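Asks: model the structure of this input:
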Amino acid sequence: MPVVSGMNYYTLAEYNNIVAGEAKVHPQIIHTIQDASPLLDQMPFAVCNNGRSNLTKLITKYPEGQLRGFNEGVESEKTGARITEDATCMVQTYSVIDAEILKQNNFSAAFCAQNDAAFERGLAHAMATRVFQGSRKTDPRGIDGLQARYKKVGKGVIDAGGTAGNELSDIWLVNWGLDKVHGIFPEGGAAGLQVFDRGESDVYDSNNRRYRGYITDYMWNFGIAVEDPMQVVRIANVDDTALTDDPTSVDIYSFLIRAIESLPQDPGAQCAIYMNNAVRTALRLQILQKANVDLQYETVAERKVQVFSGIPVHRIPTEILGTYTTKVA
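Replies: Next comes the predicted model:
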């Protein structure tokens, strides 16, 4: 399968740096992009029920019944409902390396493994960013993330009172579940990143000249379905600027309790809290001032994580959760 020009290609120097370094030793690989796995640890996925999209019927009105007396009738009732449709998006990229570079280096398995790991980490980071910040209004080919659905203070959105113009962020409480909030993937597809070794093929340089290269194809089709909107709570307008100066300036502890208590039922086993590093640092410092055991460490997905009132508190990179200076109103 020929690959069009205009792609990124590995030079021999780049290849050597990734595989062995200039000294021909095996250096430790350090990733400069933060891990997005805390989101994927607890976010379940289900196949779409409508091809490439997922339909959910939300009951908006329930029958209540009527009082009646002897020899009196009652009127018929009906439920009220609306249909919501959640879309999926297609994310794809390629890795191309000159066949001669691989041949001269005996088709290094180390390079392939390290290259795949970097692509997987980068795509997972981008996927998590779309889950929180995606907007079909901004990019019709994308998906609507949580910010696009919980836009105004009120039902599902708590105002933390930050100052407009400062750097503001969100804390998210998500009660994951296949009947609540979950990831989706198209019918006939797969849940998660797919990696295809396309082998050696004709590829083209920036001048559309042909040569032989090895191609790896990375593909991830996904979306997010909010089956029950009441299972997500956004604590908006958290003032990161103020917290940097004074970790007690925002009562994170109280806002978390309000968010948890606003769920329609007790949190499920897959419920999780997401916040950036500045906010979680402030939370830990605030907890030190309180005589309680609400913040502990437990093992979740084989990793030690902080737990607040039994709910994992995940530190998510700021670029995934996003920041803003105009207050959510």
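
Asks: next, the buried residues of stretch 310-324.
Replies: When burial is assessed from 16 or more other CB atoms under 10 Å, stretch 310-324 yields the following buried residues: 311-318, 320-321, 323-324. C-beta here means a position set from N, CA and C on the backbone, and glycine is covered the same way.

Asks: can I get these in TSV with distance to Leu193 and pLDDT?
Replies: Converted to TSV, the buried residues of stretch 310-324 look like this (distance: CB to CB, whole Å; pLDDT from 0 to 100):
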residue	distance to Leu193	pLDDT
Ile311	27	93
Pro312	23	92
Val313	26	93
His314	20	93
Arg315	22	92
Ile316	19	94
Pro317	18	92
Thr318	23	94
Ile320	16	95
Leu321	21	96
Thr323	27	97
Tyr324	29	97
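
Asks: among those residues, name the ones in helices.
Replies: Here DSSP state H is the test, and the buried residues of stretch 310-324 give 318, 320-321 as lying in helices.

Asks: nearest to Asn175 among the buried residues of stretch 310-324?
Replies: The shortest approach to Asn175 among these belongs to Ile311, at 9.1 Å (CB to CB).

Asks: beta partners for the closest one?
Replies: Beta-bridge pairing of Ile311 under DSSP bridges involves Phe308.

Asks: hmm, Gln270 and it touching each other?
Replies: No: contact between Ile311 and Gln270 fails when scored by CB atoms under 8 Å: they sit 9.9 Å apart.

Asks: CSV for the buried residues of stretch 310-324, including distance to Asp35?
Replies: Below are the buried residues of stretch 310-324 laid out as CSV (distance: CB to CB, whole Å):
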residue, distance to Asp35
Ile311, 20
Pro312, 15
Val313, 16
His314, 10
Arg315, 10
Ile316, 10
Pro317, 8
Thr318, 14
Ile320, 10
Leu321, 14
Thr323, 19
Tyr324, 24
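
Asks: now Asp179: closest residue in space, sequence neighbours ignored.
Replies: Spatial nearest neighbour of Asp179, chain neighbours left out: Glu227 (5.8 Å); criterion: CB to CB, 6 or more residues apart in numbering.

Asks: against Ala46, how distant is that neighbour?
Replies: Plainly put, Glu227 is 10 Å away from Ala46 if you go by CB to CB, to the nearest Å.

Asks: neighbour count winner among those two?
Replies: Per other CB atoms under 10 Å, whichever of Glu227 and Ala46 has more neighbours is Glu227, with 18 against 15.

Asks: quick one, helices of the stretch 51-200 of the chain?
Replies: 99-104, 109-133, 146-149 (DSSP state H, counting those that start in this stretch).

Asks: deepest-packed of the ones you listed, please.
Replies: helix 146-149 (a mean of 19; mean count of other CB atoms under 10 Å).

Asks: okay, now the unreliable bits of the stretch 201-329 of the chain?
Replies: 291-293, 300-302 (pLDDT under 70).

Asks: and the strands in it?
Replies: In the stretch 201-329 of the chain, the strands defined using DSSP state E, counting those that start in this stretch lie at 210-226, 232-239, 271-275, 295-300, 303-308, 311-315.

Asks: okay if I get these as CSV plus distance to Pro38?
Replies: Converted to CSV, the strands of the stretch 201-329 of the chain look like this (distance: least, CB to CB, whole Å):
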stretch, distance to Pro38
strand 210-226, 16
strand 232-239, 17
strand 271-275, 8
strand 295-300, 9
strand 303-308, 7
strand 311-315, 4
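
Asks: picking that back up, ok, the residue nearest to Asp179 - contacts?
Replies: Shown in contact with Glu227 (CB atoms under 8 Å, 6 or more residues apart in numbering): 56, 178-182.

Asks: mind running it again at 7 Å?
Replies: Applying CB atoms under 7 Å, 6 or more residues apart in numbering, we find Glu227 in contact with 56, 179-181.

Asks: who touches the residue nearest the centre of the chain in this structure?
Replies: In the chain, the C-alpha nearest the mean C-alpha coordinate belongs to Ala128, at 2.5 Å (CA atoms, centre = their mean). Ala128 makes contact with 36, 39, 320, according to CB under 7 Å, 6+ apart.

Asks: do Met219 as well
Replies: Listed by CB under 7 Å, 6+ apart, the contact set of Met219 reads 92, 194.
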